[in-house]
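Participant: Here is my input, please return the structure:
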Amino acid sequence: MFRNYYPDIHVPSVFNIDYQKLYQKGYRGIIFDLDNTLVHHGDDSTPEIDALFHTIHGIGLKTIILSDNTEERILCFLKNIDSPYISDANKPDIQGYQKALTILGVSTEQVVCIGDQVFTDIYGANCAGISNILVDFIRLSDEKRIGKKRWLEKLVLLLYKGSSRHTNRIGNIYIEKTEE
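Facilitator: Residues are numbered from 1 along each chain as shown. Just a heads-up that it's a prediction; the model follows:
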């Protein structure tokens, strides 16, 4: 019942993913969500994120930003990163995911989606037949409240963690590293 809401793997952040292993497993593209996945909502890119994209591209992986944000917001983020994007994606609608595959020139088996929201990023990727990685959403230290959707996500993740056949379906791509 909840299978389409379960991520293939759940890691703390984009810095806990071994992108070289993803490449070795046959992945050639990454669909990234933007806000609260790569940076806090509305923030510009950081030198660490810029370096991460440089590393990912150096490995041979293509990237694309798939976001419900406006083009203006995404372009502001991408000022130091060379990556295509899709704005106003209306996730979890699978059309954005399918368009991302076309732009990247990869098949569903060759791409992974990385995002912070179960009900948009993960659900949309699962419906599109795309492997996916859930990262913890980025919160500022002074943020105490979370929205209702985040509480529902916590419930889905409890069910996910209790189902061993649904966890870690991508394989060992987790690396111990704190967010930079």
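
Participant: can you list the residues that contact the strand or helix carrying residue 73?
Facilitator: If you go by DSSP states H and E, residue 73 is part of helix 71-77. With CB atoms under 8 Å, 6 or more residues apart in numbering as the test, helix 71-77 has contacts from 34, 38-39, 42-45, 65, 67, 85, 87-88. Every residue, glycine included, has its C-beta placed from N, CA and C.

Participant: Try it again at 10 Å.
Facilitator: With contact meaning CB atoms under 10 Å, 6 or more residues apart in numbering, helix 71-77 is reached by 34-35, 38-39, 41-45, 49, 65-67, 69-70, 83, 85-88.

Participant: Helices - which of these land there?
Facilitator: Among the contacts of helix 71-77, DSSP state H puts residue 49 in helices.

Participant: Just the buried residues of the contacts of helix 71-77.
Facilitator: Buried subset of the contacts of helix 71-77 (neighbour count, 16 or more other CB atoms under 10 Å): 34-35, 38-39, 41, 43, 45, 49, 65-67, 69, 83, 85-87.

Participant: Looking at these, which one is closest to residue 56?
Facilitator: Proximity of the buried ones among the contacts of helix 71-77 to residue 56 (CB to CB) peaks at residue 83, which lies at 9.3 Å.
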